[in-house]
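>>> prediction below, plus the sequence it came from.
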Amino acid sequence: MNTVTIFENILSIDNPRIVKLDAVLSAIRDGRYKDKVEAIRNCDNDEDKRIMKSNLPCVLFTGEFNKPITKINSSGKEYISYRDDKSITKHSGLVPIDIDDVDNIDDVINDIKKDEIVYALWKSASGKGLHGLVRIGDGNKHKQHYKALLKRIKGLDSTAQNVARVLYVSYDPNIYINTSSSVFFDIDIEEEYTPTRVILGDGNTDYKKIDIACRMIRSAPDGQKHHVLLKASNLLGGYVATRNVEYDVALNILSHEIRKRHIDDALLADKTIEDGIRHGMSRPISEVEEEFKEAVRQLGAIEEELSFLSSGSKDDDFIYKFRNGLIPMGLPFGYYDLDQHLLLKEGEFYASLAHSHIGKTTVNLWLLFLSAVKYDWNWMVYTGENRTASVKMKMMEFFVGKRITHMDDREHAISLKFVDEHFFMLSTDNLYTYQDILDHSKTMMQYKSLKGLFIDPYNSLKLELTSAKNKYNYDYEAYGDMLNYTKKYNTTLFLSVHTTTASQRDRDGNGNQKMPHASDTEGGAALYNKSDNFITLHRKIKDQNEWMYTEISIDKVRSRETGGKTTSHGAPIKLRMNNGLEFVDEGDFLPFNREQLLTKYKLL
């Protein structure tokens, strides 16, 4: 269930209340705020309207805002706010829509409702605008999703990109809600501004000086942006006078940076920059240098060479959230026993080991499918030993609960649409190295939010061995690159691997292969060492009573603070394949309600 944050009114920045999304949408539909909203709509005085609106509750539909942020007001005094982008502790997976001053509003509503990504849509408190919600693929990429939405939904407020954007409550008995809306996975990555080195006459620009001024603007607290902009302009003005920075370069870059902070008056900002630069040009260089050193100290940007150190701010944020119980736990797959040991976590490296032909691909695909159904995760998938069409058909069968040959046309179309939206299949027409696949996923990330990458199996990938790099060294480097990939891009990676030939020959008295160990991985224990979570899958395919059960042993969980633990030796978790369409636990429990799923997608 999605949760959002509500504040008493637009001026309230503390006492956040976490409520269910459905409760807010029901309140808008059922008229909880009807009297106040209709009074606003019937008022002819703009100032009175503004005052009445300011007394309405306002909602942050983007999630739970529980972390207090210390800020500084225009008088230099500190205060605490929960309505800051950094206050969010759990994203709802929703982006708010805000369109002002709409002509022919009913026609516009009908037009926008046709877009399959729209989850909810209603009239704003003024009655002249529209508010709504879109489900997005990754809350960590909120702004990138919003920038892509600007190209898709006409009239969308371009300044409403921040995570802590609020919407007033409203009243609309005809509110549109589409629980089967598609997830919006598109993103638009803002290009970094990297000016070329400009040389005019005998003047050069020292971009280290520019960089510090830009960092000052980026880190300026709300309420202090004008003051910091003036200070940064003043600083660069000193270097303009000594020909360390060119005037036009300083002017253009500072103007660019302050506009990225969503300021109200761009012309006033430009005048501030010009005034600051001119004043700085008259100051003694010794004074400018001291100010530069102080800015460097405050920003913590002492030397680029120290960039290998971990981010203090990120560490502090994690420690604060962990101490206050705000670190999001791993997401459960839905089986009671499995969820005690294995959870779905963002930006982690999962390795699964199994003998050939025991169904490891199917088990992994099932876990990926559960992540899509339960949490709207999407994946890039490479299955080097299976046709992409076969993988899609298996996912469609998971979705509908029927063999592909038994589906009607509508079931076929909707299940295929779900699979195509959540799983991007890498072509198997070519052989790839592991680095090729990582690179392809990075390319995909420029256009779509990507929560996970599945490579199945590692052994099918092309090798690039050299005289200086044997197979062991190659594998160790590959697993290290995969681990670094998950952390740098906050993208989960599932990797399946085969066991060694020797371990596959090891049988018990009934002719069944024995459950492998991490040391049976091709290449030795390197994968166990590098992975965050190591899973061993096994099935007794020659046992008449056990052949349908997959045994899952969780052999390593690195991040136990976010949930999960290893299974005891000899006590694996068992899942049973049911009619080739789903996995249930030993109590015949299916971890999602298929009837609700099919109803949601209007198949029942």
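That came in fine, so what should we check first?

>>> for the stretch 201-350 of the chain, which spans come out with low pLDDT?
201-204, 300-314, 316-317, 320-321, 323-326 (pLDDT under 70).

>>> got the residue ranges for the strands in it?
349-354 (DSSP state E, counting those that start in this stretch).

>>> go on, the stretch 351-500 of the chain?
Under DSSP E, counting those that start in this stretch, the stretch 351-500 of the chain gives strands at 379-383, 423-425, 452-456, 492-498.

>>> want to throw those strands into CSV with mean pLDDT, distance to Lys271 and mean neighbour count?
All C-beta spots, glycine's among them, are computed from the backbone N, C-alpha and C. Putting these into CSV (pLDDT from 0 to 100; distance: least, C-beta to C-beta, whole Å; neighbours: other C-beta atoms under 10 Å) gives the following:
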stretch, mean pLDDT, distance to Lys271, mean neighbour count
strand 379-383, 97, 48, 24
strand 423-425, 96, 48, 19
strand 452-456, 97, 48, 24
strand 492-498, 96, 48, 23
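
>>> would you turn the ones you listed into a markdown table with distance to Leu268?
Below are the strands of the stretch 351-500 of the chain laid out as a markdown table (distance: least, C-beta to C-beta, whole Å):
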| stretch | distance to Leu268 |
| --- | --- |
| strand 379-383 | 46 |
| strand 423-425 | 45 |
| strand 452-456 | 45 |
| strand 492-498 | 45 |
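
>>> looking at those, which is closest to Ala164?
strand 492-498 (26.4 Å; C-beta to C-beta).

>>> can you tell me what sits against that closest one?
Contacts to strand 492-498, defined as C-beta atoms under 8 Å, 6 or more residues apart in numbering, come from residues 344-356, 360-361, 364, 367-368, 377, 451-459, 482, 485-486, 521-522, 527, 531.

>>> also stretch 9-27?
1-8, 33, 53-61, 64-66, 68, 79-83, 87, 92, 94, 120, 166, 168-169, 175, 177.

>>> so Asp376 touches Phe418, yeah?
No: contact criterion C-beta atoms under 8 Å: Asp376 and Phe418 do not qualify, at 10.4 Å.

>>> ok, back up a step: mark which of the contacts of stretch 9-27 are part of helices, please.
Under the assignment DSSP state H, these contribute Lys53, Ser54 to helices.

>>> please determine how far Val102 is located from Pro173.
18 Å (C-beta to C-beta, to the nearest Å).

>>> these two: which is more packed in?
With neighbours defined as other C-beta atoms under 10 Å, Val102 and Pro173 compare such that Val102 has more, 19 against 11.

>>> ok, that one - contacts?
Per C-beta under 8 Å, 6+ apart, neighbours of Val102: Val108, Lys128, Gly129, Leu130, Gly155.

>>> out of those, which is nearest to Pro221?
Gly129 (29.3 Å).

>>> over to that closest one: give its phi and psi.
phi -130, psi 180 (degrees, to the nearest 10).

>>> just the one 4 residues further on next, same as before
Dihedral angles of Leu133 (phi, psi; degrees, to the nearest 10) stand at phi -140, psi 150.

>>> tell me the bridge partners for it.
As for beta bridges, Leu133 partners with Pro96, Ala120 under DSSP bridges.

>>> what's around it, how many residues?
Neighbours of Leu133 (other C-beta under 10 Å): 27.

>>> the one 5 residues further on now?
For Asp138, the number of neighbouring residues by other C-beta under 10 Å comes to 24.

>>> contacts only, for it.
Contact analysis of Asp138 by C-beta under 8 Å, 6+ apart lists His145, Ser449, Leu450, Lys451.

>>> for Lys260, see how far away the closest residue to Phe185 other than its chain neighbours is.
Sequence neighbours aside, Gly137 is the residue nearest to Phe185 in space, at 4.0 Å (criterion: C-beta to C-beta, 6 or more residues apart in numbering). Look at Gly137 and Lys260: by C-beta to C-beta, they are 24 Å apart.

>>> neighbour count winner among the two?
Gly137 (23 against 12).

>>> per-residue pLDDT, that one?
pLDDT, Gly137: 93.

>>> which residues are in contact with the closest residue to Tyr601 other than its chain neighbours?
Leaving aside its chain neighbours, Tyr601 sits nearest to Ser180 (4.8 Å; criterion: C-beta to C-beta, 6+ apart). Residues in contact with Ser180 (C-beta under 8 Å, 6+ apart) are Lys600, Tyr601, Lys602.
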